[in-house]
Structure formats: structure tokens, C-alpha cells
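A.B. asks: Structure for the following, please:
(one chain, ligands or ions: 2)
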Amino acid sequence: MTESAIRLEDVHLTLGQGATAVHVLKGVGLAVGRGESVGIVGPSGSGKSTLLMVLAGLERADRGLVEIAGTALGPLSEDALAAFRGRNIGIVFQSFHLIPNMTALENVAVPLELAGRADAFARAEAELGNVGLGHRLRHYPGELSGGEQQRVAIARALAPEPAILIADEPTGNLDGETGRQIADLLFAEQARRRMTMVLVTHDPVLAARCRREVRVASGLVAAPRPADALSA
Ligand SMILES: Nc1ncnc2c1ncn2[C@@H]1O[C@H](COP(=O)(O)OP(=O)(O)O)[C@@H](O)[C@H]1O
Ligand SMILES: [Mg+2]
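C.D. replies: Numbers count the residues shown, from 1 in each chain. Ligands and ions are numbered 1, 2, ... in the order given. I've put the predicted structure just below:
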């Protein structure tokens, strides 16, 4: 039996405290198979980014099951969770989240070095070459275009060879053509490395490139539309 890459059952999460507390996730269930690509769509404020944070182990569910690559995240200590995330999950954000005073090479290599990889810089150089940035290793993020910055972020996410890649509106800050190139890169790497990929997007064309679309509305995964159910 092939176990799920991702399994969520009845996941609840409230963010904020007191008067600003928001019950964001209200019983989310989701199962994603190994090597599958899932596009998460839904209105702004519906809880898509929060859902990704929970999948990535960056936010802990208040209740419910979050199981990634066969491991339930709930019982893990903070250190164990951080180590698990580093080994298994790559994350790409809309606004790149590069460290501005580090070069492209350092942005990719330093997390590997912190994880104890002796070959951090060689590996980072290879990953940057792979995303087409072999000629920009010593540039700082401020000296790179948006598309180039996102390529650095993708190289950083891929460098530890994660089983699962999570992307939150990865093309949201890019023009149409650059966004398409970044999407091409993500799907090519997903296929080549046989990764599971979950991405949030407002772009229906990008969502449709995923094997499956999942709609989030008001903190819940909405029932599949009839067309989705038929093609499932
Ligand atoms: N730290 C927080 N404290 C309180 N409310 C939050 C916090 N983070 C997000 N929210 C609220 O949770 C809801 C879902 O946010 P989010 O997951 O970012 O939605 P989406 O990515 O679908 O636009 C929004 O109403 C947002 O205001
Ligand atoms: Mg969001």
C-alpha cells in the first residue's frame, strides 16, 4: 500500500488572541498521495496560507491529525519538528523571503550548512545552476529580478531534496511570462524529483496544471465540484 504523503483530519486552528482571535481552520480534511500535485484555490482570507503553514509544520494545529510522510507532527518536540521540516519539506513564498545581505549562493548554502551538510556550498552551486542562475551566484537579492529571486528561493527549497514542496502563490509577485517560466520550473522539478507538491494560487491556469484542485472556503475544504469528482 502506498501511504499518503499528506494526511489531515479534522484540523482546527485559531490564530490571534482575545479580541483578535480568528478560528481560521474549522475542521480541514485532506489527503495527498505521494508524487501528486494539488492546487489549492479559494477566496482571499479563506485560510489557504494558514493551511500551508500547518502542512509545513510552521503552525501547530490546535486539534486534529496532521501526518506528513507517515509521521504525525502533533507529538513532535519543537526541535524534532524543525529537524523533520528541514529534511522533508521545501517551502516557496510569494515574496521570496531571501535574506537581503546574503548572496544567492549564501541564501541556498547557509541553511544546508546549518543542517550539517559538509558539501553545502557545492550543493548550493549545483542547485543554482539547475535553476539557471549559475551566472548569478554572487549577486545579492536586491541585484536580481523578481523571477531570478524566486529561482533562488526554489533552489533553496529544493537543495535538501525534500519529499514535499509547498508553494504559497509562487507566481503572485511576477508578471505573466515570468510567472509561467517559474511554474514550468516548479512542475519540471516536481516530476523529475517525484516530489509531492501543494501550491496555493489565484491563477486558474496554474491551478489547472496540478493533477487535482482543492477549494478552500471559510476554513474548510469544500466538497469537490461534480467535474472534479468525475475526473478523480
Ligand atoms: N496571526 C493571525 N492572527 C489573527 N488572525 C489571523 C492571523 N493570521 C491570519 N489571520 C486571519 O485568518 C484568516 C485566513 O488567513 P490566510 O490563511 O492568510 O488566508 P488566505 O491565504 O486564504 O488569504 C484571515 O481572516 C486572516 O485575517
Ligand atoms: Mg494567503
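
A.B. asks: going forward, measure contacts and count neighbours with C-alpha atoms only.
C.D. replies: Fine.

A.B. asks: Now do the SS call for N101.
C.D. replies: Using DSSP: H, G, I helix; E, B strand; the rest coil, the secondary structure recorded for N101 is coil.

A.B. asks: Next: the one 10 residues further on.
C.D. replies: Classification of P111 using three-state DSSP returns helix.

A.B. asks: Model confidence score at it, please.
C.D. replies: Per-residue pLDDT puts P111 at 95.

A.B. asks: G176: neighbour count?
C.D. replies: Residues lying near G176 (other Cα atoms under 10 Å) number 11.

A.B. asks: Kindly state the pLDDT recorded for it?
C.D. replies: G176 is assigned a predicted lDDT (pLDDT) of 96.

A.B. asks: With the one 10 residues further on instead?
C.D. replies: Reported pLDDT at L186 in the predicted model: 98.

A.B. asks: So that it lines up with my notes, have the first residue be 601 from now on.
C.D. replies: Will do, 601 is the new start, and the previous item becomes L786.

A.B. asks: and it, what helix or strand is that in?
C.D. replies: Assessed by DSSP states H and E, L786 sits inside helix 776-793.

A.B. asks: Give me the contact list for that helix.
C.D. replies: 635, 731, 747, 750-751, 754, 765, 770-772, 795-797, 806 (Cα atoms under 8 Å, 6 or more residues apart in numbering).

A.B. asks: Kindly state the pLDDT recorded for A827?
C.D. replies: For A827, the predicted pLDDT is 54.

A.B. asks: so G732, which of the three states?
C.D. replies: Look at G732: counting by three-state DSSP, its state is coil.

A.B. asks: Could you report the pLDDT at the residue nearest the centre of the chain?
C.D. replies: Nearest to the mean C-alpha position of the chain, by Cα atoms, centre = their mean, lies I766 at 1.4 Å. At I766, the predicted lDDT confidence score is 98.

A.B. asks: Assumed it was part of a strand.
C.D. replies: Yes - applying three-state DSSP, one finds I766 inside a strand.

A.B. asks: May I ask you to confirm that it is in contact with M653?
C.D. replies: No - using Cα atoms under 8 Å, I766 is not in contact with M653; the gap is 9.1 Å.

A.B. asks: Find residues that contact each of these two.
C.D. replies: Common neighbours of I766 and M653 (Cα under 8 Å, 6+ apart) do not exist.

A.B. asks: got the contact list for the residue nearest to V710 when sequence neighbours are not counted?
C.D. replies: For V710, ignoring the flanking residues on the chain, the nearest one in space by Cα to Cα, 6 or more residues apart in numbering is A720 at 7.2 Å. When contacts are counted by Cα under 8 Å, 6+ apart, A720 touches A709, V710, L712, E713.

A.B. asks: Mind pulling the model confidence for the residue lying closest to H735 once chain neighbours are set aside?
C.D. replies: Once flanking residues are discounted, H735 sits nearest to G729: 7.9 Å by Cα to Cα, 6+ apart. On the pLDDT scale, G729 is placed at 98.
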